[in-house]
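**Q** The following comprises the amino acid sequence and a computationally predicted model.
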Amino acid sequence: MSYTAPNHPLRWVLSACALAIALAAYLWDGQPVLQPIVAGTVTVAAKAALPVQQRHAVRPALRQDTGATERYLLQGTSVAAVQRAVAAVGGQWLGGLALIRGGGAELTPNQLAALRKEARLKFFADAPIYVAGAGLKTDYVLETGADELHAAGITGKGVGVAVVDTGIWATGPLALDPSGRSRIVATFDATVPDHSDPQAPISTRYLADIGDPSGHGTHIASILASSDTWAPKKYEGIAPAVNLVSVRAFGKDGSGTYFDVIRGIDWVVANRKAFNIRVLNLSFGATPQSAYWDDPLNLAVMAAWQAGIVVVVAAGNSGPDAMSIGVPGNTPYVITAGSMSDNGTPSQPSDDFLAPFSSTGPTHEGFVKPDIVAPGAKLVGLAPPTSFLAALFPAKVMKNGHFYMSGTSQSAAVISGVVALALQAHPTWTPNEVKCKVMSSGRAATKADGSLAYSIFQQGAGLVHAPTAVLYSNATGCANVGMDIVADLAGKQHYGGPANRDADGNFYIMDVRSGENFGAVNADGYLWNTGYLWNTGYLWNTGYLWNTGYLWNTGYLWNTGYLWNTGYLWNTGYLWNTGDLTNSGYLWNTGADQAPTAP
């Protein structure tokens with residue numbers, strides 16, 4: 001992959017609105033709020049970028065070429081073809097993005113106008129994405145049952161996990177596995193030109209310590225993989241023996257761009273075999289502004305999945321409103337993680353509740369999200385004492401370089417760890433097989449009468465249970481049923497999910513038979529108690545051909561107005577690190593919340 005530095009490097013500064021959101025997020029006191037979930041939209045206090053087609057239509061002054069350039073993502077038939085097209089008009093090539101068959105470029109208005117005459121090219125305005133939250137006892141390892149697998153020798157050993165984030169602090173519990181072996185096997189900084197020696201062996205080419213000035217990436221990696229112990233053989237991390245691949249795509253303030261993130265994912269896919277990268281953790285997101293199949297970041301994520309990498313994504317911290325899942329969590333193929341809270345009483349599951357900040361489905365294409373939930377409230381992990389987050393929130397700093405945060409970022413790290421455990425035990429499992437096993441391990445939150453305490457659009461399959469996912473589940477063929485990712489990526493066919501909305505605005509799962517919608521499925525009995533879903537994989541994690549459109553012609557979500565009908569593209573996103581948003585949630589059981597304490 002080539003990369004050319006721009007004439008005027010664009011470094012992103014944390015905006016006042018983003019800082020305000022981060023500050024508000026950390027003020028959440030952990031208490032659930034008694035207010036049922038309602039449908040709604042997410043408001044992001046940030047400047048939206050108009051798509052290329054409308055940007056110049058509504059701002060004709062830009063047609064007067066002043067020499068000023070803007071950054072764009074371009075998609076075509078191949079990287080080489082797009083690069084030639086940019087060179088032909090005199091634009092500045094920023095680098096190729098093989099996963100989307102294109103790259104980045106800086107273009108003047110006249111250069112852009114010239115390229116728009118090429119029918120085989122698609123254009124997207126590049127825009128910021130923001131990262132959104134000796135050993136200590138970590139309850140999430142016990143709550144997911146990962147400690148049972150550790151005792152059986154399943155620790156993620158040999159599995160490569162790439163974390164696309166702000167970097168990883170190479171401190172002992174992250175730099176070394178439980179045996180003392182160095183296990184940060186590669187690092188790549190997607191925010192700067194690649195100065196590595198192309199003649200050097202791949203095993204040593206990417207070993208520079210890129211650090212983590214933010215702290216977010218370190219916290220994610222720690223939850224996923226810390227090898228520190230709080231008692232003999234009691235590890236802090238979910239998968240303490242994995243190999244880590246640190247990919248920086250965000251600055252210390254948590255900001256970055258689509259180009260940087262896609263470039264990082266592109267590098268991961270290109271080097272997956274060299275470092276046995278089987279898992280990709282993406283703890284960030286942005287507001288959806290197009291169908292999933294038109295978003296460049298989603299296309300990159302889909303390409304990674306198709307290449308054999310299990311992609312785990314944070315659902316987002318915009319809950320509890322319906323249809324608040326972010327990009328790329330709205331990609332139907334990947335595993336999208338929501339958050340639950342143990343209410344500060346890890347040994348008392350009866351008072352657990354769905355975290356009020358956890359984003360909720362369905363997606364705009366009708367897919368059920370999140371797929372699964374995991375602990376995500378006040379999780380303890382490592383963060384550099386001198387990091388941006390430690391300085392911003394000193395009250396959350398704990399002893400020995402520890403820090404606690406909340407958010408679906410943290411839940412995604414938990415799920416990535418469970419996936420790594422599964423792939424150590426079953427190295428031949430495909431991404432779809434892994435997703436099926438993880439979802440089938442879910443323990444739904446239920447009321448005393450056995451009915452669901454939360455809808456599947458809030459809790460997905462329920463709380464993950466690592467031993468079931470790795471060792472005991474008999475589920476097969478229950479993930480991404482009816483969908484062809486190769487055809488989807490090629491643009492030949494796209495899919496809608498089984499969710500619909502009735503005349504009263506209630507969301508439900510369609511009972512589809514012979515291509516016809518026969519109304520709502522009884523989710524409390526049909527999907528959960530009888531085991532029908534996991535035996536057949538039919539009703540839930542299923543896709544239907546989008547081009548027919550007949551299933552959703554009864555007044556589905558789009559009649560309320562597509563977000564992207566207004567023409568906005570790639571709105572600002574946030575890395576899900578500060579999920580403690582003061583939003584209302586639906587209560588399981590009440591109880592006092594406590595800050596985590598050292599044992």
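**A** Sure thing, it's come through.

**Q** most centrally placed residue in the chain?
**A** Taking CA atoms, centre = their mean, the centroid of the chain lies closest to residue 313, which sits 2.2 Å from it.

**Q** pretty sure that residue contacts residue 336?
**A** Yes: at 5.2 Å, residue 313 counts as touching residue 336 under the criterion of CB atoms under 8 Å. The way it works is simple: take the backbone N, C-alpha and C, and place the C-beta from them, glycine included.

**Q** and the closest residue to residue 308 other than its chain neighbours, how far is that from residue 365?
**A** Closest residue to residue 308 apart from its sequence neighbours, by CB to CB, 6 or more residues apart in numbering: residue 431 at 6.6 Å. Computed as CB to CB, to the nearest Å, the residue 431 to residue 365 distance reads 20 Å.

**Q** thinking again about what came up before, number of residues surrounding the residue nearest to residue 308?
**A** Using other CB atoms under 10 Å, residue 431 is surrounded by 26 other residues.

**Q** now do the one 5 residues further on
**A** Residue crowding around residue 436 was assessed by other CB under 10 Å; the count is 24.

**Q** List phi and psi for it.
**A** Per-residue torsions, residue 436: phi -60, psi -50 (degrees, to the nearest 10).

**Q** Touching, it and residue 481? I think so.
**A** No: assessed by CB under 8 Å, residue 436 is found out of contact with residue 481, at 9.3 Å.

**Q** Show me how far stretch 173-184 is from its chain's centre.
**A** Per CA atoms, centre = their mean, to the nearest Å, the displacement of stretch 173-184 from the mean C-alpha position of its chain is 25 Å.

**Q** Looking at that stretch now, give me its mean pLDDT.
**A** The average pLDDT within stretch 173-184 is 95.

**Q** outside of that stretch, which residues touch it?
**A** If you take CB atoms under 8 Å, 6 or more residues apart in numbering as the criterion, stretch 173-184 is touched by 135, 155, 157, 168, 170, 218, 221-222, 225-228, 235-237, 240-246, 382.

**Q** Now intersect those with the strands, please.
**A** Judged by DSSP state E, the subset of the contacts of stretch 173-184 located in strands is 235, 243-246, 382.

**Q** Neighbour-wise, which one of these leads?
**A** residue 382 (31 neighbours).

**Q** how far away is that residue from residue 390?
**A** The spacing between residue 382 and residue 390, counted by CB to CB, is 11 Å.

**Q** what residues do these two have in common as contacts?
**A** residue 403.

**Q** Who are the packing partners of the longest helix along the chain?
**A** When the chain is parsed with DSSP state H, its longest helix is helix 408-425. The contact analysis (3 or more CB pairs under 8 Å, 6 or more residues apart in numbering; DSSP states H and E) places helix 408-425 against helix 146-151, helix 216-225, strand 277-282, strand 310-314, strand 335-341, strand 372-375, strand 379-382, helix 431-440.

**Q** And the ones you listed: which comes nearest residue 83?
**A** The closest of the helices and strands packed on helix 408-425 to residue 83 is strand 277-282. By CB to CB, the value is 25.9 Å.

**Q** Counting by contacts, list what that closest one packs against.
**A** Partner elements for strand 277-282 (3+ CB pairs under 8 Å, 6+ apart): strand 160-165, helix 258-270, strand 310-314, helix 408-425.

**Q** With distance to residue 356 as added columns, please give those in JSON lines.
**A** Putting those into JSON lines (distance: least, CB to CB, whole Å) gives the following:
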{"stretch": "strand 160-165", "distance to residue 356": "24"}
{"stretch": "helix 258-270", "distance to residue 356": "27"}
{"stretch": "strand 310-314", "distance to residue 356": "16"}
{"stretch": "helix 408-425", "distance to residue 356": "12"}
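
**Q** Format the ones you listed as CSV; extra columns: mean pLDDT.
**A** Listed next are the helices and strands packed on strand 277-282 as CSV, based on pLDDT from 0 to 100:
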stretch, mean pLDDT
strand 160-165, 98
helix 258-270, 96
strand 310-314, 97
helix 408-425, 97
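
**Q** tell me the domain ranges of this structure?
**A** According to automatic domain parsing, the chain comprises the domains 50-126, 130-478, 485-571.

**Q** need the contact list for residue 88.
**A** So residue 88 contacts nothing (CB under 8 Å, 6+ apart).

**Q** measure it to residue 107 for me?
**A** Distance from residue 88 to residue 107, by CB to CB: 12 Å.

**Q** ok so, going back, which of the domains of the chain has the highest mean neighbour count?
**A** domain 130-478 (a mean of 23; mean count of other CB atoms under 10 Å).

**Q** low pLDDT regions in the stretch 451-599 of the chain?
**A** Within the stretch 451-599 of the chain, the stretches with pLDDT under 70 are 513-519, 522-599.

**Q** 50 - rerun?
**A** 525-539, 548-599 (pLDDT under 50).

**Q** so what does the helix or strand where residue 403 lies touch, helix or strand wise?
**A** Secondary structure assignment for residue 403, by DSSP states H and E: strand 402-405. Using 3+ CB pairs under 8 Å, 6+ apart as the contact test, the elements touching strand 402-405 are strand 379-382, helix 388-392.

**Q** nearest to residue 318, of the ones you listed?
**A** In terms of CB to CB, the element of the helices and strands packed on strand 402-405 nearest to residue 318 is strand 379-382, at 19.1 Å.

**Q** mind listing what that closest one pairs with, with the direction of each?
**A** strand 402-405 (antiparallel) (DSSP bridges).

**Q** Contacts only, for residue 163.
**A** Residues in contact with residue 163 (CB under 8 Å, 6+ apart) are 217, 220-221, 224, 244-247, 281, 283.

**Q** what's the answer for residue 337, then?
**A** By CB under 8 Å, 6+ apart, the residues touching residue 337 are 312-315, 370-374, 376, 408, 411-412, 414-415.

**Q** repeat for residue 164
**A** Residue 164 neighbours (CB under 8 Å, 6+ apart): 190, 247, 249, 261, 264-265, 268, 280-282, 284.

**Q** now with 7 Å?
**A** Residue 164 sits next to 247, 249, 261, 264-265, 280, 282 when contact means CB atoms under 7 Å, 6 or more residues apart in numbering.

**Q** can you give me the strands in the stretch 51-200 of the chain?
**A** Listed from the start of the chain, the stretch 51-200 of the chain has strands (DSSP state E, counting those that start in this stretch) covering 70-75, 92-97, 102-107, 122-125, 128-130, 160-165, 184-189.

**Q** hey, least reliable of these by pLDDT?
**A** Note on the strands of the stretch 51-200 of the chain: lowest mean pLDDT is at strand 128-130, with a mean of 64.

**Q** Sketch out the low-pLDDT regions of the stretch 201-350 of the chain for me.
**A** Using pLDDT under 50, nothing in the stretch 201-350 of the chain is flagged.

**Q** hmm, try it at 90
**A** 203, 229-234, 252-257, 285-291, 318-322, 341-350 (pLDDT under 90).

**Q** got the phi/psi numbers for residue 158?
**A** Per degrees, to the nearest 10, the backbone of residue 158 is at phi 90, psi -10.

**Q** which residues touch the closest residue to it other than its chain neighbours?
**A** Excluding the flanking residues, the one nearest residue 158 by CB to CB, 6+ apart is residue 424, at 6.3 Å. Taking CB under 7 Å, 6+ apart, we find residue 424 in contact with 154, 156-159.

**Q** so, if you compare these, which one comes nearest to residue 203?
**A** Nearest member of the contacts of residue 424 to residue 203, counting by CB to CB, is residue 158, at 15.0 Å.

**Q** Run a quick check on residue 414 versus residue 237, I expect a contact.
**A** No: counting by CB atoms under 7 Å, residue 414 stays clear of residue 237, with 9.6 Å between them.

**Q** Now for the two: what residues contact both?
**A** The contact sets of residue 414 and residue 237 overlap at residue 223 (CB under 7 Å, 6+ apart).
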